[in-house]
Every structure is written in structure tokens, then in C-alpha cells.
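Participant: I'd like to go over a predicted model; first the sequence, then the structure.
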Amino acid sequence: MARTTRSTGTAAPRRGTRPRPQPAPGGSPPGTPRSGVMIVNMIPEALSFETNNDSEPNLAVNPANPLQMAASAFTPASSGAAPIFVSNDGGQTWLLNAIVPSDQMTADITLRFADRSNMLYAGIIPQPIQSDPDGNPITFLNILRTNNFLGPAKMQVLVNRTGVDQPYIQAASVGAGATESRDLVVVGSNDFNDPVGRTAVMDVSSDAAAANAAFRTVRVDPRTPPPGGADAPSIRPAIHNDGTVYGAFLALVGGTNSSNLRRDVVVVRDDDFATGATPFTALTDPGDARPGRRVAQNRLVPFLPMQNEPGPIGQERIGSHITIAVDPRTGQSSTVYLAWADRVGTTDYTIHVRRSTDKGVTWSPNDLLTITNAVNPALAINADGKVGFVYQQLTGAFTPGHVTPANRWVTHFRQSTDGTAWDDMVLATVPANQPPAHGLPYLGDYLHVLAVGRDFYGVFSTANTPDLANFPSGVVFQRKHDFDRRMLFDIDGVTPVGISIDPFFFKVSAGP
Amino acid sequence: MADAPSETDLLKQAQFVFKGTVRQASASAMPAIEASEHTAVVRVDQIVQAPAALSHYGGQEITVLLTGDEAVKSGDEFTFFTNEWLFGKGVAVRSLAHLPVSASTATFAAAGPDPVRTLAHRQLVAHVDDSDLVVSGRVTSVSLPEGEGAGAPGAQSPRRLAPREHDAHWREAVVEVSHVHKGVHPGKTVVVRFPSSQDRMWFSAPKLAPGQEGHFVLHKSGRTRRVEGPALAAGAPAAAAVEDVYSVVHPEDFQSIAQPGGLKSVLNIPE
């Protein structure tokens, strides 16, 4: 057994326990658990020594059994397969399970369960990376699956092809009844194999659980960018069980270098499970009658930092953030929320939230929410039609490329039933200058939120100082820590461990 | 049927190697792992080599996932050749094989006082073996690779307007060679490409700067360069007028001259 820590102890709850409802936090001391909210630092006790930059998290919750979860971050293994975080107690405790066929760590990973099959799917860029003769990295897209995410067997490779960045996966079970149910899996990615730079792609399988699952690659950007251009890395799908599949991406329309790129915010749609002859062409733009509705045009989206410069905003890089979510209720696939980030002034990075209630044909002309100096927007809609919105905002005045103790990264979770009135829950508020960045991204190019039934589940990465004031909605650490001294410790409970970026799971229960 | 791997092969394939006593067969010490005929609880008696993440477990009981060919019973003592599997409140490892302790003499002969350093040294030896050229020297200059950098400020290359997250941002360092430890290099200098990108994919690669002095583990980049004049060592053959351009991408491809151990131990360079 591990030696007992002399800290206040690891606060991981016992297996089988449930988060206990707590009194409302009005006037409560910092860190008091908020009713219906659970936040867990996901680093297991056995890895208490680690100081990795565990950024860019993603999360999957099994709709057929919400106690089962899988998550990912830039968390390395010592050798062999890359690990994912797994939980079978509703996210109260997490293990690291090395089952991803990638050398030690992936270069990108997202994962998702289908609704009914208990199958976990993942889209990854495996390592090691090879290079072409010019030294440019040759990245591979792998689409994976496993029917036993808690077991030791490596995930099965369904797709393996080159030239792809930032795969972002969504999955759903479609078709009625157990015998007709199929797993629809859609992976958005930035695919560099198109010679003219229409790089937004969806890889689609309408039966991904089948023994010989086939995927079809669909280019979804019909417009050719300026020479040498490409769509931004974030290509995001959203699936409704009625067969409606949305996609969102940022298409390049102008600019001369990284600091002044201009992009259109584009939404595409398919109405038949993305399986027809011309997928993702159901939505056309009134301006040019081509597929892909341009929700906003010619927005300034700088891709920064320039080479070898510090991250422009709180040590973080910017340049590609977009998210889309569809109302999952029967008959409600017309309602879709969209958020993206761009620059509206000279140094900001601003998130905009918009909504369509007619399947993407028209959009709210103004922002439902505007969040200045923020990254990592993520949207989800629950079974009540309530919208959940996560983002990470840099507070305090700053000069781009510089960060001070006065700056904080504040992770928000906001909800709205009508898109107009939003509540606001702070999940974490941490100094933005610590720890120093060790590579980019700092917090991640994305995080994730999803809904299962009426509950929201999400994951974010942030600094892991065990300071309850940093987690006003409460937090549980699995790794060795001392909240009183605000210190982390190695597995021996004695040796201090420096702070780093860790992934944090959260659940916001809908209540009765 | 394939031959069973040798002890030498197992030492290369397994990161966590230890002498252990089976405390309970068909059992698990982690609640998340269902006990089966392929699991056993094993006490770690002596660690031979280990990654840092598993170096704390001497004297403790861990769960071992056995291969289909392995069978153990309580009280058995074996040398286990394993790799990491699960980390939670405890750990579980995957066994590649186990051998009787009496048949593991090479394993224990190779053991040092520090299991983490033993593994690191073994991996570094393998890394050097896989390299094309190992030299000591000093970085005299760093520049953009030939043909790049003519684009607009901030452009990733003259051909590409839209940047990519995982661009390497290659730079070329000229290293004045003072000693060749492995391989053949007739020139006085060698050109070494390295990714200057801070992207997660490249962040841990060596970032070279003028004046840096140390030891370089080099890999052919696939590029060549034409060598002229004084860069060519005296008496070098004509074929040496074209030489390979090398790259460093692994964190252990460069070690500063001031840093003790590591490559110095592998290359027998005096401290």
C-alpha cells in the first residue's frame, strides 16, 4: 500500500459513494461544494508525482450507463500505448488505462460513446510523427473503437490515413430497436490532402460497430480559399438522432500572414445521416447559393503566436475555436447553437454565441453572448432543451504575450433555457502566470461538454494548485495534496511536487 | 509458433522488470480490475529497472496481468518483465513474460543501484544505437533552412498562407565538430535541423542556439548539402563534397557539455 500522506489526505470519495447534495453556496467559504456540482482533479493518486502539461482534454460519457466515462488529455505513458482516463463510478474516481495505439501519447485525441452500443470510439493522431522530405510532419488520422474501455486490449484501428489534423469525433446510435440500431460516427478533421485547400472534412460511418466498419471521407467546404490557404483546424460535427448532422468550421477568405487571417464562419447540414450522394449540402448560403451557410463573414481570426513568440493571451495560443450543438429532443433538430472566437478589436480574442431555430437557415443577428478574451468555447444541449456553455476567460488587463499575477484563467459553465438569460457558475479561477507554459497549447485547443439526459458533463484543463479558493464550486483531488498548505505531494505524501496543468472532470446535475 | 523471447529481448521490451513473489493467483489488488485466471497479486521484492511512474512500488503488492501462456501460484518467485497498464489508487502492469529468478542472471547482472537510471541508461544506449552519427561540438550559427523564410512575415513557408498547429518550424544549426563518437563524418562542421516549434508535438525537441556546446545524437534528415572550401576536412574524398544534413527531434538527441551522466556515460566521455 502507498504510504499515508500527512496532508489532509486525498479527498477522493470511496467507490460507490454518490455526490451528496450540499446547501446553496450563498455566503459559503470558497471551495464549498455547490449543490449538484461535482469537480474532480482526474490525475490518479498513483501518478501524484507527475508535472505534465495535461492540456486539451476531451470526455465521453456512455449514455447507456452514465457511470462509465472515458477522457483524454496530453497525458503521456512511459512506454507503449497512450493512456486514456477511465471511470466506472460516474466520474468520482479515475484510472489511467493505456489502450490507445500511439507511442506514449497522441498528438490529438477526442472520444465518444454511441448511445446504445456501449462502444467507445476515438479519433486520434498517433505518434510517432513522420516527416516528408521537406521536414513537414506527416500526421495520420486513426479512428478507433473498443467495446471494453476498462480492459487491457488496445483499441481497434478502423481508419488509418495521412495528412489530417485535429480529429473531433461525435457518435450516436440511430435506428429503432436493438436489431436495427446502428452507430453513426462522424469525425471532423482538417485534411490537407486537398490541393486547393478546402481542408474541412467529415469522415462518416453509418454502421461503425459493424465487423467491417466502413468510413467515407466527405469534403464539406465548397469554396476555394486564397492560394496557399486552408480551413482552420477546428472542424466540428453535431448529430441529432433523426438523421440531421451539422458541421461547423472556419473557412479562410483572406489575409497575408498569421496575424491577419480572415475567415468565414460556416455551418453545413445533412438531413439523412450524412449517407446520401451529396452529403452536407442541405444548407445553402443566400449570398452565393452554395452549400454551407456563412453565419458570419470576413472575421479577423489571427493564428498566434508567431514562431517562437509567447502565447498572446495568458500563455495560450489562439486561431481556431468553434463549437456547435443541436437540441437532442425529438422534433427539435431545427434548434442549433453555435459559438466561435475571433478578434473584434486590436488585441482581444472574443467568443460569440449565436442560435438558429430553422435548421441553420437563419441565425440570430446579434450575439446571444459575447465573451471577451476567452478560449475553448464548448456547447451542449440537454434533454430539457437547456443549453450548457463552457469557456475559459482571461481576466485582468494584459499586454499580448505577457502575463502577470493579476491575470487569471477563469473557467465558466453557463446555462440558459432560452438563449437570453444565462446563469454563470465559476468552475475554476487560477492565476494565469503559473505554471509557466511548457509548449503549446497551454490549456488546450479545445475542451468538451456534453449532456446525457438532463445532466451536463464536461472536462477542462487548468492549473492544479490545491487551493480551494481557486475552485469556488468545490473540488476533489485524487492525487496527494494538502488544501491547507495548498501543496501537492508525491506518492509518499511528503515530497513536494510542483504545480502543473491537470484535467478536471465536472458534472452539473439537473436536480429533481 | 514463434520462439519465446530471450531474456535479452525481454529486457529491451519491458520497462518495469522486477523480482516478485506471487501473493495470490487469480486475484486483483485494484477494485477496477476483475480477478481472473490471467491476473495475480504480486509483491515487488526487487526492482531491476523502472520508469519513474513505477519506481515507488518496491515492497508493495501490485496487480499483474499475465499473458495467456503464463501460470503462477501463490508463493512463486519470478522475475517479471512488464509494462505499465493501469494507474489508479494503485497500479497494474502487463506481463510480457516471467522467468525463474535462477534463469534471470543477465537481468540482475545489468541492474544498478537506481532502477530508474538503469532503465534510462538502457534506453539511451538503444537510442544511440539507432542513430546515424554521434558527435561532440559547438553550435556556431542557427538559420532558416535554405529556400525558406522568403515569405511574408509570419508565413510558415513561401508556399503556405494558412499555418498549421503542428508545423515544425525547422531551423538549421551549424555545429563545429570536435569529436565523432559514432559514424563517419569527414567535414569539420555538420548541419543539424531542429524543430523550433513550441507545439506540443515538437516542444521537447532540442532547441539549439549559437554557442551551445555538447553532444549530439544525429539522424539523417533525408536532405543533403554541398560542401565547399574550408568546411571540407583535409584529405577528404571528392564524394564528401555532398554530405547529409542531420536532424535532432528527440529530447535526448542533445546533451549540454556541462550536464553529467547521460550520454557521457554511454559514450565513455570523461566527466
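Facilitator: Great, that's in hand. Numbering: from 1, shown residues only, chains lettered A, B, ... in the order given.
Participant: do you know how far residue A:217 is from chain B?
Facilitator: Here residue A:217 is placed at a distance of 19 Å from chain B (CB to the nearest CB, to the nearest Å). Any C-beta I mention is one placed from the backbone N, CA and C, and that applies to glycine too.
Participant: Actually, residue A:140.
Facilitator: With CB to the nearest CB as the criterion, residue A:140 and chain B are 12 Å apart.
Participant: That residue pairs with what?
Facilitator: Beta-bridge partners for residue A:140, by DSSP bridges, are residue A:162.
Participant: residue contacts, it?
Facilitator: Counting by CB atoms under 8 Å, 6 or more residues apart in numbering or on different chains, residue A:140 touches A:125-126, A:160-162, A:164.
Participant: so which of these is the most crowded?
Facilitator: residue A:164 (26 neighbours; other CB atoms under 10 Å in any protein chain shown).
Participant: I'd guessed it sits against residue A:188; true?
Facilitator: No. In this structure residue A:164 lies outside contact range of residue A:188 using CB atoms under 8 Å: 10.3 Å.
Participant: Look up the pLDDT of residue B:68 for me, please.
Facilitator: If you check residue B:68, the pLDDT there is 82.
Participant: And for residue A:80?
Facilitator: On the pLDDT scale, residue A:80 gets 81.
Participant: what does residue A:149 give?
Facilitator: Taking residue A:149 on its own, its pLDDT is 96.
Participant: Sketch out the low-pLDDT regions of the stretch 1-150 of chain B for me.
Facilitator: Low-confidence segments of the stretch 1-150 of chain B (pLDDT under 70): B:1-3, B:147-150.
Participant: the helices in it, which residues?
Facilitator: Applying DSSP state H, counting those that start in this stretch to the stretch 1-150 of chain B gives helices spanning B:7-13, B:105-109, B:115-130.
Participant: And chain A, by the same measure?
Facilitator: A:177-180 (DSSP state H).
Participant: ok, now the stretch 151-271 of chain B?
Facilitator: B:263-267.
Participant: If you check it against chain A, which residue is the closest one?
Facilitator: In the stretch 151-271 of chain B, the residue that lies nearest chain A is residue B:203 (3.0 Å; CB to the nearest CB).
Participant: That residue: how many residues sit nearby?
Facilitator: The burial count for residue B:203: 16, using other CB under 10 Å.
Participant: Can you name the residue of chain A nearest chain B?
Facilitator: Counting by CB to the nearest CB, chain A gets nearest chain B through residue A:439, at 3.0 Å.
Participant: ok, for that residue, nearest residue in space, not its chain neighbours?
Facilitator: Using CB to CB, 6 or more residues apart in numbering or on different chains and skipping residues adjacent in sequence, the residue nearest residue A:439 is residue B:203, 3.0 Å away.
Participant: Hmm, that neighbour is touching residue A:441, no?
Facilitator: No. With contact defined as CB under 8 Å, residue B:203 does not count as touching residue A:441 (10.4 Å).
Participant: okay, now residue B:125: neighbour count?
Facilitator: The burial count for residue B:125: 13, using other CB under 10 Å.
Participant: show me the contacts for the nearest residue to it once chain neighbours are set aside.
Facilitator: Of all residues not flanking residue B:125 in the chain, residue B:266 sits nearest, at 5.5 Å (CB to CB, 6+ apart). Contacts for residue B:266 were tallied using CB under 8 Å, 6+ apart; they are B:121, B:124-125, B:128.
Participant: likewise residue B:218?
Facilitator: With CB under 8 Å, 6+ apart, residue B:218 has these contacts: B:131-135, B:183, B:190, B:192, B:246-248, B:253.
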